[in-house]
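Novice: For reference, the sequence and a predicted model appear below.
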Amino acid sequence: QVQLVESGGGSVQPGGSLRLSCAVSGFTLNYHAIGWFRQAPGKEREGVSCISRRDGGIYWADSVKGRFTISRDNAKNTVNLQMNSLKPEDTAVYYCARGGGRCTGGFASWGQGTQVTVSS
């Protein structure tokens, strides 16, 4: 059974940091792309970052480049998203999702999401 479980969300002040984790089970992490997406209230879901064996780490959202870092630990079956210099506009529910072999494909399995709130 494929499962993805996000953790690490919370409330921080602008300029702060959070580290999100996506714990996966039911499949071999190294064979799949894992993407991070976010959805703010009243807005469409946005792709943030993705990592795969073939693509490495990529950042879809220009606004997070230089601030967010995606990484993967195959031994622990986790994909992490280190978020630094957080801004109020980063406030959203963050989801991780499993794709195919590359970040360019679709994402069929999703976690339940974790809330990130950036506010002073």
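Specialist: Yep, it's here. In this text the structure is predicted, and so the values were computed from the model without any measurement.
Novice: which residues touch residue 91?
Specialist: 40, 116, 117, 118, 119 (C-beta atoms under 8 Å, 6 or more residues apart in numbering). Where you see a C-beta, it was placed from the backbone N, CA and C, and this is true even at glycine.
Novice: Got phi/psi on the second one?
Specialist: What that stands for is residue 116. For residue 116, the backbone dihedrals are phi -120, psi 120 (criterion: degrees, to the nearest 10).
Novice: swap in the last one?
Specialist: With angles defined as degrees, to the nearest 10, residue 119 sits at phi -160, psi 150.
Novice: Residue 15 is in contact with that one, correct?
Specialist: No. With contact defined as C-beta atoms under 8 Å, residue 119 does not count as touching residue 15 (11.6 Å).
Novice: re earlier: mind giving me the PyMOL command for buried ones among the contacts of residue 91?
Specialist: Buried members of the contacts of residue 91, defined by 16 or more other C-beta atoms under 10 Å, are picked up in PyMOL with:
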select buried, resi 116+118
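Novice: average model confidence for stretch 28-46?
Specialist: Here stretch 28-46 scores 95 as its mean pLDDT.
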